[in-house]
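>>> sequence isn't available, so here's the structure alone:
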């Protein structure tokens, strides 16, 4: 390995917006993240299923005519 070209490897702390902290080795100093495995809905199992702006109703209205025509045949 060449001397004096590699970044300094040091112990650093990763801080999440939820308050969780993780100490790892890195070439960066004090990393901040918005979401981690302790607060991400996929890992916590607290996912919210949100019907934003009535998507399901809009879909049903749009394809209601196809449903009605299939029932008449």
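Ah, there it is. A quick note: this is a predicted structure, and the numbers were derived from the prediction, not measured.
>>> for the most centrally placed residue in the chain, give me phi and psi.
When Cα atoms, centre = their mean is applied to the chain, the residue found nearest the centroid is residue 40 (6.3 Å). As for residue 40, its main-chain torsions (degrees, to the nearest 10) stand at phi -70, psi 130.
>>> same check, this time on residue 32
Phi and psi for residue 32, reported as degrees, to the nearest 10, are phi -120, psi 130.
>>> now it: closest residue in space that isn't a chain neighbour?
Spatial nearest neighbour of residue 32, excluding adjacent residues (Cβ to Cβ, 6 or more residues apart in numbering): residue 15 at 5.2 Å. Heads up, the C-betas are built off the backbone N, CA and C, glycines and all.
>>> what is the burial count for the one you found?
Using other Cβ atoms under 10 Å, residue 15 has 14 neighbouring residues.
>>> pLDDT-wise, which helix or strand of this protein ranks last?
helix 41-44 (a mean of 73; mean pLDDT, DSSP states H and E).
>>> list the residues that contact residue 27.
Neighbouring residues of residue 27 by Cβ atoms under 8 Å, 6 or more residues apart in numbering: 7-10.
>>> confidence score at it?
Here, the pLDDT recorded for residue 27 equals 92.
>>> quick check: the gap between it and residue 66.
Residue 27 sits 58 Å away from residue 66 when distances are taken as Cβ to Cβ, to the nearest Å.
>>> ok, now residue 58?
14 Å.
>>> ok, now residue 54?
Distance, residue 54 to residue 66, using Cβ to Cβ: 19 Å.
>>> over to residue 59?
Distance of residue 59 to residue 66, computed by Cβ to Cβ: 11 Å.
>>> how far is the least confident helix or strand of the chain from where the chain is centred?
Relative to its chain's centre, helix 41-44 lies at 9 Å (Cα atoms, centre = their mean, to the nearest Å).
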